[in-house]
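> Got a predicted structure here, sequence first:
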Amino acid sequence: MNIGRFLAGLVLVLCSTPLLAGAQEKPDLSQSQMPSVVTVPPEALPSDHFDVEAATSAYLAQIPLSARARSDAYFEGGYWLILWDFLMAAVIYWVILHFGWSAKMRDFAQRLSRFAFVQDLIYWVQFLLLITVLGAPLNIYEGYVREHKYGLATQTFGPWMGDQLKALLVNMILGGILVAVLFWIVRKLPGTWHVWGAVVTIAFSVFAVMIAPVFIFPLFNKITRLDDPEVTRPILSLARANGIPAHDVYQIDASRQTTRMSANVSGFGKTMRITMNDNLLRRGSPEEIKSVMGHEMGHYVLNHIYKDILFIIIVLVVFFALLRWGLDWSLARWGQAWGIRGIGDAAALPLVFFIATLLGFLFTPIQNTQTRTSEHEADMYGLNASRQPDGFAQAAIHLGEYRKMSPGPVEEWIFFDHPSGRHRIHDAMQWKAENLALFSSQTGH
Ligand SMILES: [Zn+2]
(Lines give C-alpha, C1' and ligand atoms only; values in the text may rest on other atoms or scores of the structure.)
Protein backbone atom coordinates (compact mmCIF):
# COMPACT_ATOMS: atom_id res chain seq x y z
CA MET A 1 0.00 0.00 0.00
CA ASN A 2 1.88 3.09 -1.17
CA ILE A 3 -0.97 5.56 -0.83
CA GLY A 4 0.90 7.09 2.08
CA ARG A 5 3.86 7.78 -0.16
CA PHE A 6 2.02 10.45 -2.08
CA LEU A 7 2.18 14.16 -1.62
CA ALA A 8 4.76 13.47 1.06
CA GLY A 9 4.07 16.83 2.56
CA LEU A 10 3.70 19.97 0.49
CA VAL A 11 5.13 21.77 3.49
CA LEU A 12 8.37 19.90 3.00
CA VAL A 13 8.70 21.09 -0.58
CA LEU A 14 8.57 24.65 0.61
CA CYS A 15 11.16 24.29 3.33
CA SER A 16 13.53 21.85 1.69
CA THR A 17 15.13 23.96 -1.04
CA PRO A 18 18.52 24.12 0.73
CA LEU A 19 18.54 20.31 0.80
CA LEU A 20 18.48 20.12 -2.97
CA ALA A 21 22.09 21.10 -3.52
CA GLY A 22 23.19 18.25 -1.27
CA ALA A 23 20.88 15.79 -2.93
CA GLN A 24 22.38 16.51 -6.32
CA GLU A 25 25.82 15.23 -5.38
CA LYS A 26 26.23 11.90 -7.08
CA PRO A 27 27.38 9.17 -4.70
CA ASP A 28 30.56 7.39 -5.76
CA LEU A 29 29.37 4.15 -7.28
CA SER A 30 32.57 3.03 -8.93
CA GLN A 31 33.38 0.74 -6.03
CA SER A 32 29.95 -0.65 -5.47
CA GLN A 33 28.13 -1.03 -8.77
CA MET A 34 27.83 -4.46 -10.33
CA PRO A 35 30.32 -5.01 -13.18
CA SER A 36 28.82 -3.67 -16.42
CA VAL A 37 30.39 -6.27 -18.61
CA VAL A 38 30.23 -9.81 -17.27
CA THR A 39 32.45 -12.21 -19.17
CA VAL A 40 31.74 -15.92 -19.33
CA PRO A 41 34.05 -17.40 -16.68
CA PRO A 42 36.24 -20.40 -17.69
CA GLU A 43 34.15 -22.69 -15.44
CA ALA A 44 31.04 -21.80 -17.47
CA LEU A 45 32.58 -22.60 -20.85
CA PRO A 46 31.44 -25.84 -22.49
CA SER A 47 33.62 -28.83 -21.65
CA ASP A 48 33.34 -32.56 -20.92
CA HIS A 49 33.54 -31.78 -17.21
CA PHE A 50 31.06 -28.85 -17.15
CA ASP A 51 29.92 -28.52 -13.55
CA VAL A 52 26.74 -26.57 -12.74
CA GLU A 53 27.80 -25.65 -9.19
CA ALA A 54 31.29 -24.56 -10.25
CA ALA A 55 29.89 -22.46 -13.12
CA THR A 56 27.36 -20.80 -10.78
CA SER A 57 30.03 -20.02 -8.19
CA ALA A 58 32.37 -18.65 -10.87
CA TYR A 59 29.67 -16.20 -12.01
CA LEU A 60 28.96 -15.12 -8.43
CA ALA A 61 32.68 -14.65 -7.83
CA GLN A 62 32.72 -11.88 -10.46
CA ILE A 63 30.76 -9.63 -8.13
CA PRO A 64 33.06 -7.34 -6.12
CA LEU A 65 32.65 -7.78 -2.36
CA SER A 66 31.73 -4.11 -1.91
CA ALA A 67 28.95 -4.37 -4.51
CA ARG A 68 27.58 -7.44 -2.81
CA ALA A 69 27.69 -5.85 0.64
CA ARG A 70 25.83 -2.82 -0.69
CA SER A 71 23.16 -4.89 -2.41
CA ASP A 72 22.66 -7.09 0.68
CA ALA A 73 22.33 -4.03 2.92
CA TYR A 74 19.82 -2.38 0.58
CA PHE A 75 17.66 -5.46 0.23
CA GLU A 76 17.77 -6.50 3.89
CA GLY A 77 16.86 -2.95 4.89
CA GLY A 78 13.76 -3.53 2.78
CA TYR A 79 12.70 -6.37 5.13
CA TRP A 80 12.58 -3.93 8.03
CA LEU A 81 10.77 -1.35 5.94
CA ILE A 82 7.92 -3.83 5.45
CA LEU A 83 7.55 -3.86 9.23
CA TRP A 84 8.01 -0.09 9.74
CA ASP A 85 5.56 0.70 6.93
CA PHE A 86 2.99 -1.55 8.55
CA LEU A 87 3.49 -0.15 12.06
CA MET A 88 3.51 3.45 10.86
CA ALA A 89 0.28 2.95 8.87
CA ALA A 90 -1.39 1.19 11.81
CA VAL A 91 -0.51 4.06 14.18
CA ILE A 92 -1.73 6.68 11.68
CA TYR A 93 -5.13 4.98 11.20
CA TRP A 94 -5.49 4.49 14.95
CA VAL A 95 -4.71 8.16 15.68
CA ILE A 96 -7.27 9.31 13.08
CA LEU A 97 -9.94 7.12 14.70
CA HIS A 98 -9.03 7.56 18.36
CA PHE A 99 -8.88 11.35 18.37
CA GLY A 100 -12.18 11.65 16.50
CA TRP A 101 -10.56 13.19 13.39
CA SER A 102 -12.40 10.72 11.20
CA ALA A 103 -15.81 11.71 12.60
CA LYS A 104 -14.88 15.41 12.18
CA MET A 105 -13.96 14.88 8.51
CA ARG A 106 -17.30 13.13 7.99
CA ASP A 107 -19.21 15.98 9.67
CA PHE A 108 -17.39 18.51 7.50
CA ALA A 109 -18.28 16.55 4.34
CA GLN A 110 -21.93 16.46 5.42
CA ARG A 111 -21.97 20.23 5.83
CA LEU A 112 -20.74 20.70 2.26
CA SER A 113 -23.25 18.44 0.49
CA ARG A 114 -26.59 16.72 0.98
CA PHE A 115 -25.70 13.79 -1.28
CA ALA A 116 -24.11 10.77 0.39
CA PHE A 117 -22.04 9.96 -2.72
CA VAL A 118 -20.52 13.46 -2.77
CA GLN A 119 -19.98 13.37 1.00
CA ASP A 120 -17.97 10.16 0.59
CA LEU A 121 -15.84 11.79 -2.13
CA ILE A 122 -15.18 14.81 0.10
CA TYR A 123 -14.30 12.52 3.00
CA TRP A 124 -11.90 10.58 0.75
CA VAL A 125 -10.04 13.71 -0.33
CA GLN A 126 -9.54 14.82 3.28
CA PHE A 127 -8.53 11.35 4.43
CA LEU A 128 -6.04 10.86 1.58
CA LEU A 129 -4.42 14.26 2.20
CA LEU A 130 -4.18 13.58 5.93
CA ILE A 131 -2.56 10.13 5.67
CA THR A 132 -0.21 11.47 3.00
CA VAL A 133 1.02 14.28 5.23
CA LEU A 134 1.31 12.02 8.31
CA GLY A 135 3.14 9.34 6.33
CA ALA A 136 5.45 11.82 4.58
CA PRO A 137 8.59 11.50 6.76
CA LEU A 138 8.84 7.73 6.35
CA ASN A 139 7.88 7.91 2.68
CA ILE A 140 10.45 10.58 1.87
CA TYR A 141 13.12 8.53 3.59
CA GLU A 142 12.07 5.34 1.84
CA GLY A 143 11.33 6.66 -1.63
CA TYR A 144 13.92 9.43 -1.89
CA VAL A 145 16.68 9.58 0.74
CA ARG A 146 17.36 5.85 0.90
CA GLU A 147 17.22 5.38 -2.89
CA HIS A 148 19.83 8.13 -3.27
CA LYS A 149 21.99 6.71 -0.51
CA TYR A 150 22.25 3.45 -2.46
CA GLY A 151 22.80 5.19 -5.78
CA LEU A 152 19.56 3.84 -7.29
CA ALA A 153 17.73 7.14 -7.76
CA THR A 154 18.34 9.66 -10.51
CA GLN A 155 15.81 12.38 -9.63
CA THR A 156 16.39 15.51 -7.60
CA PHE A 157 13.83 16.35 -4.95
CA GLY A 158 11.67 18.66 -7.06
CA PRO A 159 10.91 16.23 -9.91
CA TRP A 160 10.52 13.39 -7.40
CA MET A 161 7.95 15.40 -5.50
CA GLY A 162 6.25 16.22 -8.80
CA ASP A 163 5.82 12.49 -9.43
CA GLN A 164 4.39 12.03 -5.92
CA LEU A 165 1.85 14.78 -6.56
CA LYS A 166 0.79 13.20 -9.84
CA ALA A 167 0.38 9.82 -8.14
CA LEU A 168 -1.64 11.50 -5.39
CA LEU A 169 -3.96 13.02 -7.97
CA VAL A 170 -4.47 9.67 -9.76
CA ASN A 171 -5.23 8.11 -6.38
CA MET A 172 -7.61 10.88 -5.47
CA ILE A 173 -9.65 10.35 -8.64
CA LEU A 174 -9.57 6.54 -9.05
CA GLY A 175 -9.59 5.83 -5.30
CA GLY A 176 -12.41 8.35 -4.76
CA ILE A 177 -14.63 6.69 -7.36
CA LEU A 178 -14.00 3.22 -5.92
CA VAL A 179 -14.55 4.32 -2.30
CA ALA A 180 -17.78 6.20 -3.07
CA VAL A 181 -19.18 3.29 -5.13
CA LEU A 182 -18.29 0.79 -2.39
CA PHE A 183 -19.95 2.84 0.37
CA TRP A 184 -23.01 3.21 -1.86
CA ILE A 185 -23.15 -0.61 -2.17
CA VAL A 186 -22.77 -1.04 1.61
CA ARG A 187 -25.78 1.23 2.23
CA LYS A 188 -27.95 -0.28 -0.52
CA LEU A 189 -27.14 -3.95 0.17
CA PRO A 190 -26.29 -4.17 3.88
CA GLY A 191 -26.70 -7.95 3.99
CA THR A 192 -24.52 -8.92 1.02
CA TRP A 193 -22.21 -5.93 0.50
CA HIS A 194 -19.07 -8.01 0.95
CA VAL A 195 -20.01 -10.12 -2.09
CA TRP A 196 -20.90 -7.17 -4.35
CA GLY A 197 -17.98 -5.16 -3.00
CA ALA A 198 -15.63 -7.93 -4.12
CA VAL A 199 -17.28 -8.07 -7.56
CA VAL A 200 -17.02 -4.32 -8.10
CA THR A 201 -13.41 -4.17 -6.83
CA ILE A 202 -12.42 -7.01 -9.18
CA ALA A 203 -14.01 -5.26 -12.18
CA PHE A 204 -12.34 -2.02 -11.14
CA SER A 205 -8.91 -3.73 -10.83
CA VAL A 206 -9.17 -5.27 -14.30
CA PHE A 207 -10.17 -1.88 -15.68
CA ALA A 208 -7.18 -0.23 -13.95
CA VAL A 209 -4.76 -2.87 -15.32
CA MET A 210 -6.19 -2.31 -18.79
CA ILE A 211 -5.92 1.47 -18.87
CA ALA A 212 -2.60 1.75 -16.99
CA PRO A 213 -0.17 1.37 -19.95
CA VAL A 214 -2.10 3.93 -22.00
CA PHE A 215 -3.36 6.47 -19.46
CA ILE A 216 -1.36 6.16 -16.23
CA PHE A 217 2.26 5.16 -17.04
CA PRO A 218 2.65 8.03 -19.56
CA LEU A 219 1.97 10.52 -16.74
CA PHE A 220 5.31 9.56 -15.21
CA ASN A 221 7.44 8.42 -18.14
CA LYS A 222 7.81 8.76 -21.85
CA ILE A 223 6.90 5.51 -23.59
CA THR A 224 7.88 5.25 -27.21
CA ARG A 225 8.05 2.66 -29.95
CA LEU A 226 11.57 1.37 -30.18
CA ASP A 227 12.75 1.92 -33.75
CA ASP A 228 16.34 0.72 -33.72
CA PRO A 229 16.22 -2.34 -36.04
CA GLU A 230 19.49 -3.61 -34.55
CA VAL A 231 17.61 -4.11 -31.28
CA THR A 232 14.08 -4.84 -32.47
CA ARG A 233 14.87 -7.30 -35.27
CA PRO A 234 16.10 -10.16 -33.03
CA ILE A 235 13.34 -9.45 -30.49
CA LEU A 236 10.54 -9.53 -33.05
CA SER A 237 12.08 -12.66 -34.58
CA LEU A 238 12.05 -14.28 -31.14
CA ALA A 239 8.42 -13.17 -30.74
CA ARG A 240 7.36 -14.76 -34.06
CA ALA A 241 9.21 -17.96 -33.15
CA ASN A 242 7.11 -18.09 -29.97
CA GLY A 243 3.77 -17.39 -31.60
CA ILE A 244 3.48 -13.84 -30.23
CA PRO A 245 1.71 -11.48 -32.66
CA ALA A 246 3.92 -8.48 -31.80
CA HIS A 247 4.81 -5.78 -34.31
CA ASP A 248 6.42 -3.36 -31.92
CA VAL A 249 8.62 -3.26 -28.88
CA TYR A 250 8.18 -0.34 -26.52
CA GLN A 251 10.77 1.48 -24.46
CA ILE A 252 10.29 3.55 -21.34
CA ASP A 253 12.65 6.24 -20.04
CA ALA A 254 12.91 4.71 -16.56
CA SER A 255 16.32 6.41 -16.15
CA ARG A 256 14.27 9.51 -15.33
CA GLN A 257 13.71 7.98 -11.88
CA THR A 258 16.09 5.07 -11.37
CA THR A 259 19.24 3.22 -12.42
CA ARG A 260 17.45 -0.15 -12.20
CA MET A 261 17.28 -2.28 -15.31
CA SER A 262 13.96 -3.87 -16.08
CA ALA A 263 11.38 -4.91 -18.62
CA ASN A 264 7.77 -5.93 -18.26
CA VAL A 265 4.60 -7.17 -19.84
CA SER A 266 1.71 -4.87 -18.99
CA GLY A 267 -1.89 -4.24 -19.96
CA PHE A 268 -4.77 -6.51 -20.71
CA GLY A 269 -6.41 -7.48 -24.00
CA LYS A 270 -5.62 -4.88 -26.63
CA THR A 271 -3.31 -2.85 -24.40
CA MET A 272 -1.00 -5.79 -23.61
CA ARG A 273 2.59 -5.04 -24.60
CA ILE A 274 6.24 -5.77 -23.87
CA THR A 275 8.26 -2.80 -22.68
CA MET A 276 12.00 -2.53 -22.08
CA ASN A 277 13.46 0.22 -19.97
CA ASP A 278 16.27 2.40 -21.26
CA ASN A 279 18.70 1.26 -18.53
CA LEU A 280 18.50 -2.26 -19.93
CA LEU A 281 18.97 -0.95 -23.48
CA ARG A 282 21.97 1.12 -22.48
CA ARG A 283 23.80 -1.34 -20.24
CA GLY A 284 22.66 -4.75 -21.42
CA SER A 285 24.64 -6.79 -23.94
CA PRO A 286 22.69 -8.16 -26.95
CA GLU A 287 22.70 -11.63 -25.34
CA GLU A 288 21.43 -10.18 -22.07
CA ILE A 289 18.63 -8.23 -23.77
CA LYS A 290 17.61 -11.32 -25.68
CA SER A 291 17.49 -13.41 -22.50
CA VAL A 292 15.37 -10.79 -20.71
CA MET A 293 12.99 -10.52 -23.66
CA GLY A 294 12.67 -14.33 -23.65
CA HIS A 295 11.63 -14.07 -20.00
CA GLU A 296 9.01 -11.40 -20.76
CA MET A 297 7.66 -13.46 -23.64
CA GLY A 298 7.32 -16.32 -21.15
CA HIS A 299 4.96 -14.13 -19.09
CA TYR A 300 2.95 -13.48 -22.23
CA VAL A 301 2.79 -17.04 -23.60
CA LEU A 302 2.11 -18.56 -20.17
CA ASN A 303 -0.82 -16.13 -19.67
CA HIS A 304 0.55 -14.77 -16.43
CA ILE A 305 -1.59 -11.62 -16.54
CA TYR A 306 -4.77 -13.72 -16.71
CA LYS A 307 -3.53 -16.03 -13.97
CA ASP A 308 -2.68 -13.00 -11.82
CA ILE A 309 -6.19 -11.68 -12.31
CA LEU A 310 -7.63 -15.04 -11.25
CA PHE A 311 -5.41 -14.96 -8.18
CA ILE A 312 -6.55 -11.41 -7.36
CA ILE A 313 -10.18 -12.53 -7.66
CA ILE A 314 -9.69 -15.27 -5.06
CA VAL A 315 -7.74 -12.92 -2.78
CA LEU A 316 -10.38 -10.18 -2.99
CA VAL A 317 -13.27 -12.54 -2.23
CA VAL A 318 -11.46 -13.80 0.89
CA PHE A 319 -10.42 -10.26 1.78
CA PHE A 320 -13.97 -8.89 1.66
CA ALA A 321 -15.26 -11.76 3.81
CA LEU A 322 -12.55 -11.06 6.42
CA LEU A 323 -13.18 -7.32 6.13
CA ARG A 324 -16.89 -7.77 6.86
CA TRP A 325 -16.13 -9.89 9.90
CA GLY A 326 -13.39 -7.50 11.12
CA LEU A 327 -15.57 -4.41 10.70
CA ASP A 328 -18.57 -5.94 12.50
CA TRP A 329 -16.36 -7.07 15.35
CA SER A 330 -14.43 -3.84 15.89
CA LEU A 331 -17.33 -1.43 15.30
CA ALA A 332 -19.35 -3.29 17.95
CA ARG A 333 -16.51 -2.61 20.38
CA TRP A 334 -15.20 0.85 19.51
CA GLY A 335 -17.61 2.26 16.92
CA GLN A 336 -19.42 4.54 19.34
CA ALA A 337 -16.25 5.85 20.96
CA TRP A 338 -14.88 6.76 17.53
CA GLY A 339 -18.15 8.43 16.44
CA ILE A 340 -18.76 5.98 13.60
CA ARG A 341 -22.45 5.44 12.80
CA GLY A 342 -22.12 2.05 11.13
CA ILE A 343 -20.39 0.26 8.26
CA GLY A 344 -22.05 2.55 5.69
CA ASP A 345 -20.47 5.64 7.33
CA ALA A 346 -17.39 6.94 5.50
CA ALA A 347 -15.84 7.69 8.90
CA ALA A 348 -15.18 3.92 9.11
CA LEU A 349 -12.62 4.21 6.29
CA PRO A 350 -9.51 4.37 8.52
CA LEU A 351 -10.69 1.13 10.11
CA VAL A 352 -11.10 -0.43 6.65
CA PHE A 353 -7.54 0.66 5.83
CA PHE A 354 -6.27 -0.65 9.17
CA ILE A 355 -7.74 -4.10 8.49
CA ALA A 356 -6.50 -4.05 4.87
CA THR A 357 -2.99 -3.09 5.97
CA LEU A 358 -2.91 -5.82 8.61
CA LEU A 359 -4.12 -8.47 6.14
CA GLY A 360 -1.68 -7.19 3.50
CA PHE A 361 1.20 -7.41 5.96
CA LEU A 362 0.36 -11.02 6.90
CA PHE A 363 -0.16 -11.83 3.22
CA THR A 364 3.34 -10.67 2.15
CA PRO A 365 5.01 -14.13 1.92
CA ILE A 366 2.05 -15.63 0.05
CA GLN A 367 1.94 -12.77 -2.45
CA ASN A 368 5.71 -12.97 -2.92
CA THR A 369 5.56 -16.71 -3.47
CA GLN A 370 2.75 -16.42 -6.00
CA THR A 371 4.74 -13.82 -7.98
CA ARG A 372 8.06 -15.63 -7.60
CA THR A 373 6.52 -18.86 -8.91
CA SER A 374 5.37 -17.10 -12.10
CA GLU A 375 8.77 -15.45 -12.41
CA HIS A 376 10.52 -18.79 -12.19
CA GLU A 377 8.25 -20.17 -14.92
CA ALA A 378 9.10 -17.17 -17.10
CA ASP A 379 12.82 -17.70 -16.37
CA MET A 380 12.69 -21.28 -17.64
CA TYR A 381 10.58 -20.32 -20.64
CA GLY A 382 13.01 -17.51 -21.42
CA LEU A 383 16.03 -19.82 -21.32
CA ASN A 384 14.37 -22.22 -23.73
CA ALA A 385 13.20 -19.43 -26.02
CA SER A 386 16.33 -17.28 -26.10
CA ARG A 387 19.01 -19.96 -25.53
CA GLN A 388 21.11 -17.36 -23.76
CA PRO A 389 22.09 -18.82 -20.37
CA ASP A 390 25.17 -16.58 -20.15
CA GLY A 391 23.15 -13.50 -21.11
CA PHE A 392 20.67 -14.45 -18.40
CA ALA A 393 23.44 -14.93 -15.81
CA GLN A 394 24.68 -11.44 -16.68
CA ALA A 395 21.16 -10.03 -16.28
CA ALA A 396 20.86 -11.75 -12.88
CA ILE A 397 24.07 -10.01 -11.76
CA HIS A 398 22.87 -6.62 -12.98
CA LEU A 399 19.55 -7.05 -11.19
CA GLY A 400 21.61 -7.89 -8.11
CA GLU A 401 22.21 -4.16 -7.75
CA TYR A 402 18.90 -3.99 -5.93
CA ARG A 403 18.19 -7.60 -5.01
CA LYS A 404 20.26 -9.76 -2.65
CA MET A 405 22.13 -12.40 -4.67
CA SER A 406 22.37 -15.35 -2.28
CA PRO A 407 19.63 -15.48 0.40
CA GLY A 408 18.82 -18.49 2.57
CA PRO A 409 15.86 -20.66 1.47
CA VAL A 410 13.41 -19.35 4.10
CA GLU A 411 14.50 -15.77 3.44
CA GLU A 412 13.87 -16.27 -0.29
CA TRP A 413 10.45 -17.78 0.39
CA ILE A 414 9.30 -14.90 2.60
CA PHE A 415 10.84 -11.83 0.99
CA PHE A 416 11.61 -12.52 -2.68
CA ASP A 417 9.08 -11.70 -5.39
CA HIS A 418 11.58 -12.92 -8.01
CA PRO A 419 14.04 -15.81 -7.80
CA SER A 420 17.34 -14.67 -6.26
CA GLY A 421 20.31 -13.98 -8.53
CA ARG A 422 22.05 -17.13 -7.35
CA HIS A 423 18.96 -19.19 -8.12
CA ARG A 424 18.67 -17.69 -11.58
CA ILE A 425 22.34 -18.24 -12.45
CA HIS A 426 22.05 -21.81 -11.21
CA ASP A 427 18.97 -22.38 -13.42
CA ALA A 428 20.82 -20.87 -16.38
CA MET A 429 23.88 -23.06 -15.83
CA GLN A 430 21.69 -26.14 -15.37
CA TRP A 431 20.03 -25.33 -18.69
CA LYS A 432 23.42 -24.82 -20.31
CA ALA A 433 24.64 -28.17 -18.97
CA GLU A 434 21.66 -29.88 -20.64
CA ASN A 435 22.34 -28.07 -23.95
CA LEU A 436 26.14 -27.97 -24.17
CA ALA A 437 26.12 -28.92 -27.85
CA LEU A 438 24.68 -25.47 -28.67
CA PHE A 439 27.81 -23.82 -27.29
CA SER A 440 30.57 -25.90 -28.83
CA SER A 441 31.96 -22.85 -30.64
CA GLN A 442 32.06 -20.68 -27.47
CA THR A 443 35.48 -19.55 -26.31
CA GLY A 444 36.64 -17.55 -23.35
CA HIS A 445 37.24 -14.34 -25.31
ZN1 LIG B 1 9.23 -11.37 -14.91
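It's in.

> and Leu168, how many neighbours does it have?
By other Cβ atoms under 10 Å, the residues close to Leu168 number 20. The C-beta positions use only the backbone N, C-alpha and C, and glycine is treated the same way.

> sec struct for it, please.
What DSSP: H, G, I helix; E, B strand; the rest coil gives for Leu168 is helix.

> from what I can see it touches Thr132, true?
Yes: the criterion here is Cβ atoms under 8 Å, and Leu168 meets it with Thr132 at 6.2 Å.

> What residues of the top helix by length along the chain count as buried?
The longest helix of the chain (DSSP state H) is helix 349-386. Of the residues in helix 349-386, 349-358, 360-361, 364, 368, 370-372, 374-383, 385-386 count as buried by neighbour count, 16 or more other Cβ atoms under 10 Å.

> hang on, Gly294 in a helix?
Yes: Gly294: assigned to a helix according to three-state DSSP.

> so who does it touch?
Gly294 sits next to 238, 381-386, 388, 392 when contact means Cβ atoms under 8 Å, 6 or more residues apart in numbering.

> hmm, 7 Å instead?
Taking Cβ atoms under 7 Å, 6 or more residues apart in numbering, we find Gly294 in contact with 238, 382-383, 385-386, 388.

> hmm, back to that, could you list every helix and strand in contact with the longest helix of the chain?
Contacts defined by 3 or more Cβ pairs under 7 Å, 6 or more residues apart in numbering; DSSP states H and E place helix 349-386 against helix 65-98, helix 286-301, helix 304-334, helix 389-399, helix 409-415, helix 421-434.

> before we move on, back to that, can you tell me which of the buried residues of helix 349-386 are up against the ion?
Checking the buried residues of helix 349-386 against the ion by Cβ under 5 Å from the ion, the ones in range are 375, 378.

> What part of the protein, helix or strand, is modelled with the least confidence?
For the chain, the helix or strand with the lowest mean confidence is helix 10-15, at a mean of 31 (criterion: mean pLDDT, DSSP states H and E).

> Skip the chain neighbours and tell me the closest residue to Leu174.
Excluding its sequence neighbours, the residue lying closest to Leu174 (Cβ to Cβ, 6 or more residues apart in numbering) is Ala208, at 6.7 Å.

> follow-up on the earlier one: any idea which of the helices and strands packed on helix 349-386 is most buried?
helix 389-399 (a mean of 26; mean count of other Cβ atoms under 10 Å).

> Can you give me the distance of the spatially closest residue to Ile216 that is not a sequence neighbour to Val317?
Once flanking residues are discounted, Ile216 sits nearest to Val170: 6.2 Å by Cβ to Cβ, 6+ apart. For Val170, the distance to Val317 equals 26 Å [Cβ to Cβ, to the nearest Å].

> do the same with Leu302
24 Å.

> got a list of what Ala116 touches?
Residues near Ala116 by Cβ under 7 Å, 6+ apart: Arg187.

> if we go to 10 Å?
109-110, 180, 183-184, 187, 344-346 (Cβ atoms under 10 Å, 6 or more residues apart in numbering).
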